[in-house]
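Chemist: Give me coordinates for this.
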Amino acid sequence: MGFNDRGNSSRGRDSGRGSRDSNRGGFRGGNSGPREMHKVTCSDCGCETEVPFKPTEGRPVYCRDCLPNHRRF
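Modeler: Numbering: from 1, shown residues only. A predicted model of the protein is given here:
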């Protein structure tokens, strides 16, 4: 009996856990068509831009150019 032959040959590698393809989950799965865009004003530079989410009142929203200056990594 080899290291990988532990008596579970009838079960696949992902048995019981679901596969990545069938269990995508999250907001990125599938193609639901075009996203609804919302016009906002950038909190940094003041230019008008569009974002793919509804902004929350009281939270800053940044344009594509200013966003990298505010990411924390």
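Chemist: Any stretches of the protein with poor pLDDT?
Modeler: Scanning the chain for pLDDT under 70 picks out 1-30.
Chemist: now the strands for it?
Modeler: 38-41, 48-51 (DSSP state E).
Chemist: In CSV, list these along with distance to Arg71 and mean neighbour count.
Modeler: Every C-beta, even on glycine, is put in place using the N, C-alpha and C of the backbone. Shown next, in CSV, are the strands of the chain (distance: least, CB to CB, whole Å; neighbours: other CB atoms under 10 Å):
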stretch, distance to Arg71, mean neighbour count
strand 38-41, 18, 13
strand 48-51, 15, 14
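Chemist: Reformat these as a markdown table; add distance to Leu67.
Modeler: What follows is those, written out as a markdown table (distance: least, CB to CB, whole Å):
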| stretch | distance to Leu67 |
| --- | --- |
| strand 38-41 | 12 |
| strand 48-51 | 10 |
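Chemist: between those, which gets nearest to Pro60?
Modeler: When those are compared by CB to CB, strand 38-41 sits nearest Pro60, at 9.8 Å.
Chemist: What pairs with the closest one, parallel or antiparallel?
Modeler: Strand 38-41 has its sheet partners listed here by DSSP bridges as strand 48-51 (antiparallel).
Chemist: contacts for the partner strand?
Modeler: Strand 48-51 is contacted by residues 37-42, 61, 63-64 when judged by CB atoms under 8 Å, 6 or more residues apart in numbering.
Chemist: Please convert the residues you listed to CSV, extending it with distance to Val51.
Modeler: Converted to CSV, these look like this (distance: CB to CB, whole Å):
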residue, distance to Val51
Met37, 7
His38, 6
Lys39, 8
Val40, 6
Thr41, 11
Cys42, 10
Val61, 6
Cys63, 9
Arg64, 9
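Chemist: ok, of those, which one's closest to Arg72?
Modeler: Nearest member of the contacts of strand 48-51 to Arg72, counting by CB to CB, is Val61, at 16.4 Å.
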